[in-house]
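Undergrad: All I have is the shape, not the residue letters:
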């Protein structure tokens, strides 16, 4: 059992869950970035990148419904989509800052 600042006990399962979900968020953030780079010369690349990433998260969870020992969960779609949203927001604020400096 681990503890955070000696206050809250964290079990190995809880720590494993946190690490796995953070990894998923990171993977989907990278996917959103790569899709943005694909759509950068199209109209609304940030929106398209987020939508495609969220749809992929949905399809991944749907696929898991057919795998023994796995379960598709809405919670995981939300976690994956949050990773994508964080990346989209990072890109948005970087672009906004560049536009402001360019003026």
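TA: Thanks, I have it. From a predicted model like this one, the values you see are computed outputs, not experimental measurements. Numbering: from 1, shown residues only.

Undergrad: Three-state assignment for residue 68, please.
TA: coil (DSSP: H, G, I helix; E, B strand; the rest coil).

Undergrad: likewise residue 42?
TA: coil.

Undergrad: do the same with residue 9
TA: Under three-state DSSP, the three-state class of residue 9 is strand.

Undergrad: go on, residue 20?
TA: Applying three-state DSSP: residue 20 is helix.

Undergrad: looking at the chain, which helix or strand does the model trust least?
TA: None of the helices or strands of the chain scores lower by mean pLDDT, DSSP states H and E than strand 2-4, at a mean of 58.

Undergrad: what residues are up against residue 38?
TA: residue 49 (C-beta atoms under 8 Å, 6 or more residues apart in numbering). Just so you know, the C-beta spots here come from the backbone N, C-alpha and C atoms, and that holds for glycine as well.

Undergrad: Would you check that residue 26 makes contact with residue 83?
TA: Yes - using C-beta atoms under 8 Å, residue 26 is in contact with residue 83, at 6.3 Å.

Undergrad: And those two? Which one has more around it.
TA: residue 83 (23 against 13; other C-beta atoms under 10 Å).

Undergrad: so how far is residue 59 from the residue lying closest to the more buried one once chain neighbours are set aside?
TA: Among residues not flanking residue 83 along the chain, residue 25 sits closest, at 3.2 Å (C-beta to C-beta, 6 or more residues apart in numbering). Using C-beta to C-beta, to the nearest Å, residue 25 is found at 18 Å from residue 59.
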